[in-house]
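**Student:** here are the coordinates; sequence isn't available:
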């Protein structure tokens, strides 16, 4: 293990991240709420710490291998969340404990959207902006951004890219990984700008439009109001949110190729995209019809309005709320939580198991049935009309096995902290799927749970964000053999 390149890279990344603590100072200057010193101190501490880590190893020219890439990715998400707590801890308007501050920053950077804060409408604008910005940075992955920047600073980014994109989708859009990262960020920034403009035209003020565009495109779910999107009570704003949540839940490679070919039919040639739309459409119809038939809403318009919004929000693991869906007829909140397990597409900013894995597991099950009926037949599994290799299929089952085992362990750990079964199950699902809101005690926020439960869930958020394998590999003794 070449630790010199690890420390050098983390130091560089920390110095880069310190710059993101400057925009809230400008926001505070505009609104004159005297919150700027929290961010000045945070910037100074983060930059100096990064510089101290980088300085002794600045001349290191050792090659960057996959093991160092994995260690940097996991370490940096933890270290970043640690330094991101500084403004929360220093703010006089919050007075947060360290456990709460770390939970909030981890939730933001992993785009989970779970919060321990209430009274958001009365918080300083700089703090509100900072929370939204954390999600935006975490959405595409700060490591992917670093892949585009670090080569300029003398650190190769290939291993970081592979460690960060540990899921099924690792396709490069361009020949060089740095160009791939830049292409992804151009799409990401383009969606963010378009979303902010659409929110503004739909009725939000400029601050809310920018803040909610950050968390919408990142599929994060943080809001600047306690009532989330429900604060605005606007079907136009909800429609904008639905459109951009849907777009952000699609594999960004598809967006790139569709734009490159200038052909919208590129989307409909992709098996995962078609399955993604099918799952969402089926769930929307079922929930909307049930809301109307149960008499929860008196009109079809209301039933479909709230059914569509909450289904897309939860199924894509965004976590926005237009109403308190936990109060809906008993089956529906549970169904929505289960929809979050499927999550968004691979290569998107969403969480969950990912649609392509679910699709492949379904195809594997069908193959098992056909093989049982025709033992001598050779049956291949295809995705987008191409045969899927055994290695990919094994990785899918490996991921699913690790996911189930981790889920059970985390849920039991939460029950040991005193949470009831419903709260423990939904909190585990909401954190591992990077969803945010759960059911029971964690339906609105996580302020009432114990500090030990918050640390368990913080670990669970990171586990979900890194798609389990990247984090789990650190626990294997073979990884640490020098």
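**Tutor:** In hand now; what should we look at? Predicted model only: the values in this text are computed from it and were never measured.

**Student:** can we go C-alpha only for contacts and neighbour counts from here?
**Tutor:** OK.

**Student:** do a quick rundown of the strands in this structure.
**Tutor:** Taking DSSP state E to define them, one finds strands in the chain at 382-383, 386-387.

**Student:** now render the ones you listed as CSV, adding distance to residue 52, mean pLDDT and mean neighbour count.
**Tutor:** Below are the strands of the chain laid out as CSV (distance: least, C-alpha to C-alpha, whole Å; pLDDT from 0 to 100; neighbours: other C-alpha atoms under 10 Å):
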stretch, distance to residue 52, mean pLDDT, mean neighbour count
strand 382-383, 48, 83, 14
strand 386-387, 50, 84, 10
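
**Student:** adding distance to residue 79, write the ones you listed out as CSV.
**Tutor:** Output for the strands of the chain, formatted as CSV (distance: least, C-alpha to C-alpha, whole Å):
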stretch, distance to residue 79
strand 382-383, 38
strand 386-387, 40
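
**Student:** of these, which approaches residue 127 most closely?
**Tutor:** strand 382-383 (44.7 Å; C-alpha to C-alpha).

**Student:** can you give the strand pairings for that closest one, parallel or anti for each?
**Tutor:** strand 386-387 (antiparallel) (DSSP bridges).

**Student:** which one of the strands of the chain lies nearest to residue 246?
**Tutor:** strand 382-383 (21.7 Å).

**Student:** before we move on, the earlier item: select, out of the strands of the chain, the one closest to residue 217.
**Tutor:** Comparing the strands of the chain by C-alpha to C-alpha, strand 382-383 comes nearest, at 26.9 Å.

**Student:** what segments of the stretch 301-450 of the chain are helices?
**Tutor:** 331-342, 355-373, 390-416, 421-432 (DSSP state H, counting those that start in this stretch).

**Student:** other residues contacting stretch 183-192?
**Tutor:** For stretch 183-192, contacts defined as C-alpha atoms under 8 Å, 6 or more residues apart in numbering pick out 140, 145, 173, 213, 214, 217, 244, 252, 253, 255, 256.

**Student:** taking those residues together, which two end up most distant?
**Tutor:** 173 and 213 (24.9 Å).

**Student:** quick one: which of those two has more around it?
**Tutor:** Ranked by neighbour count (other C-alpha atoms under 10 Å), residue 173 and residue 213 place residue 213 first, with 30 against 17.

**Student:** my guess is the more buried one contacts residue 195, does it?
**Tutor:** Yes - the pair residue 213 and residue 195 passes the contact test of C-alpha atoms under 8 Å, sitting 5.3 Å apart.

**Student:** just for the stretch 301-450 of the chain, where's the confidence low?
**Tutor:** Residue ranges of the stretch 301-450 of the chain with pLDDT under 70: none are present.

**Student:** please report how far residue 391 lies from residue 272.
**Tutor:** 19 Å (C-alpha to C-alpha, to the nearest Å).

**Student:** who's more crowded, these two?
**Tutor:** Neighbours were counted for residue 391 and for residue 272 using other C-alpha under 10 Å; residue 272 has more, 25 against 8.

**Student:** okay but the more buried one is in contact with residue 354, surely?
**Tutor:** No - with contact defined as C-alpha under 8 Å, residue 272 and residue 354 do not form a contacting pair (9.3 Å).

**Student:** mutual contacts of these two, please.
**Tutor:** If you check residue 272 and residue 354 against C-alpha under 8 Å, 6+ apart, the residues they both contact are residue 345.

**Student:** still on that earlier bit, among the strands of the chain, which comes closest to residue 208?
**Tutor:** Of the strands of the chain, nearest to residue 208 by C-alpha to C-alpha is strand 382-383, at 40.5 Å.

**Student:** can you tell me what sits against the closest one?
**Tutor:** By C-alpha under 8 Å, 6+ apart, strand 382-383 touches 271, 388.

**Student:** try 10 Å
**Tutor:** For strand 382-383, the external contacting residues (C-alpha atoms under 10 Å, 6 or more residues apart in numbering) are 270, 271, 272, 356, 359, 360, 363, 388, 389.

**Student:** among these, which ones are buried?
**Tutor:** 271, 272, 356, 359, 360, 363 (16 or more other C-alpha atoms under 10 Å).

**Student:** look up phi and psi at the residue of the chain positioned farthest from its centre.
**Tutor:** Within the chain, residue 376 marks the point farthest from the mean C-alpha position, 43.6 Å out by C-alpha atoms, centre = their mean. Residue 376 adopts backbone torsions of phi -90, psi -10, taken as degrees, to the nearest 10.
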